[in-house]
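Student: Quick one, fold the following:
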Amino acid sequence: MTHPRVRPNKLQVDTGKPSQFQSNEELSVTAQIEYPRWFRGFRTVGNKKDMVQAIANTISRYQLQKWVASLRFEKQARGEFYFFIGFDRLDFGQVPEEIEDTLLQLPRFTNPIGNYYFDQLQTFVTGDLEIHRYGQRLRLPSLRMAALEDPFDQSDDIQNLVDDTHTERWDKLMLWLSALGKGSWETFQRGCQQLQIASKPRQVLRTLRLLGHIETSSDGTKWSINPVTLEGNIEKGYLLLGRRSDKVLNILAQHGEIIIQSMENSPSRVHWRPIDPSSTLQISNLVYTDAINTWVKHLPSIKEWQGYLEVLPDMDLSRFEARIYDGQNFISVTRVEDSGLYQFFMLNVQTKFPRATLYYDQSRKSLYRADWYGLRFLTLYTRQVLHPVKYDSKKQQLAVILDQRFPEFYERLLVLSSGKLPKSQNDWLIYSDISPSLMEIITKKLHLKVEHKNHE
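Tutor: Below is the predicted model:
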């Protein structure tokens, strides 16, 4: 066993049988369900009490109790620390999409360090926290979330810590994708796994799309890197998007000021300002764009956006069990009749995962496919339960509730405005460098009310 003073990212993962020194509690669970309990570790900073409440709330909300069994902290954890989530009834290192899409999307889970059995951790961690009982004592928030905290309060901002080593892996992925140019989903997935970018490659793919680096086919089976793109204008300077290479960076450095900034969970942000705006860069297939000013002129409303979505051909719904999204969970229904977000499971097939997740429009009797966040937003819009966004004009920051994330088409504009992913703060997503005009256009198109921060 590793000495407790050694950080757990240096632990050796044992994929064999549980140790003979496993605790009585662990052995009894193993005997009962025929799976040894294992743990996934994460690094974070901040308030442990708030973190435990958020985890327990998510476990209860999405009914994850049958898998998520334990929460342990690094002994004497303070400042930056490690914590470990214990799983039952699951193969070592494998978690279902129900957990990937909910619990592991919390801000505290952005820096995984590895998977371990209990005997590898027992001298390193605290006692077990009864996460189930804790979660049962919590009152679930209403869909409207009236008592949300101030999104602009920076007292517990966990996104300020940037792992340069992690950023380097993202940059290597960008260079690798740039060299390939295009490929299949399987190729992309293997690249992420080999570089140890993240446990969920589809989230990596979405991140690169939001940042303007990559495009994918409508069914998600193919990807292609964008050409070398300078996004912006003379006044603000340009962001480097798309294909990257040492040659491109050297040319930019020769013709202007280049700033390379390490980012959290994304490739480095490259900003360039030319010395001579009239100079011509010798880069093949170079594209200059000003997407913010171009796209906003033709930005569709949320209903117009729905009209652009892919309409699925007639499905034989009698072959599926349907579950509708009620704002917190998917609940089983006997018929598909109300507009909303649905999961469809094949009848007589034992599986944890839906065959499809689609939006049903009752007035048009049609099923639509789009990004998950977009379909959820459309559902909340249809039910008229969208919460107002908040805007800080002094800092030019826009705050959107985490559970009300915009469709990718609109979120991409917000991300390209700064070249940065949003920060997660107090159950909000905070987008930076959002001008008042961009905020007004997007919120108007999405039919959202805006609450302005008072600086008096």
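Student: okay but Gly212 is in contact with Thr229, surely?
Tutor: Yes - using C-beta atoms under 8 Å, Gly212 is in contact with Thr229, at 6.9 Å. For the C-beta atoms, the positions are set from N, CA and C on the backbone; glycine is no exception.
Student: what's the overlap in contacts for these two?
Tutor: In terms of C-beta atoms under 8 Å, 6 or more residues apart in numbering, Gly212 and Thr229 are both contacted by the residues 241-242.
Student: can I assume Thr357 sits in a strand?
Tutor: Yes - secondary structure of Thr357 (DSSP: H, G, I helix; E, B strand; the rest coil): part of a strand.
Student: Not counting residues beside it along the chain, what's closest to it?
Tutor: Gln343 (5.3 Å; C-beta to C-beta, 6 or more residues apart in numbering).
Student: For burial, what's the neighbour tally of the one you found?
Tutor: 19 (other C-beta atoms under 10 Å).
Student: repeat for the one 3 residues further on
Tutor: For Met346, the number of neighbouring residues by other C-beta under 10 Å comes to 13.
Student: just the one 10 residues further on next, same as before
Tutor: Look at Ala356: counted by other C-beta under 10 Å, it has 14 neighbours.
Student: Go ahead and confirm it touches Met346.
Tutor: No - between Ala356 and Met346 there is no contact under C-beta under 8 Å: 9.8 Å.
Student: Run through the stretch 101-250 of the chain and note the low-pLDDT ranges.
Tutor: For the stretch 101-250 of the chain, the stretches with pLDDT under 70 are 127-165, 198-199.
Student: and if we set it to 50?
Tutor: Low-confidence segments of the stretch 101-250 of the chain (pLDDT under 50): 130, 132-150, 152-165.
Student: And the strands in it?
Tutor: 112-117, 182-184, 214-216, 222-225, 229-233, 237-241 (DSSP state E, counting those that start in this stretch).
Student: which residues touch the fifth one?
Tutor: Applying C-beta under 8 Å, 6+ apart, the external contacts of strand 229-233 come out as 212, 238-242, 272, 286-291, 293, 416, 419.
Student: Mind listing what's buried along that strand?
Tutor: Judged by neighbour count using 16 or more other C-beta atoms under 10 Å, the buried positions of strand 229-233 are 229-232.
Student: Could you spell out the sheet neighbours of it, each with its direction?
Tutor: Strand 229-233 pairs in its sheet with strand 237-241 (antiparallel), strand 287-289 (parallel), by DSSP bridges.
Student: ok, Arg37 to Leu121 distance?
Tutor: 11 Å (C-beta to C-beta, to the nearest Å).
Student: One more: Glu310?
Tutor: On the measure of C-beta to C-beta, Glu310 and Leu121 end up 46 Å apart.
Student: what's the answer for Ala179, then?
Tutor: Plainly put, Ala179 is 39 Å away from Leu121 if you go by C-beta to C-beta.
Student: Between those two, tell me which one has more neighbours.
Tutor: Leu121 (22 against 11).
Student: If we ignore the residues flanking it in sequence, what's nearest Ser418?
Tutor: The spatial neighbour of Ser418 that comes closest, neighbours along the chain excluded (C-beta to C-beta, 6+ apart), is Asp433 at 3.7 Å.
Student: neighbours of that neighbour, just the number please.
Tutor: 17.
Student: what about it, helix or strand, and which?
Tutor: Take DSSP states H and E as the rule and Asp433 turns out to sit in neither a helix nor a strand.
Student: what sits against it?
Tutor: Asp433 neighbours (C-beta under 8 Å, 6+ apart): 396, 417-418, 420.
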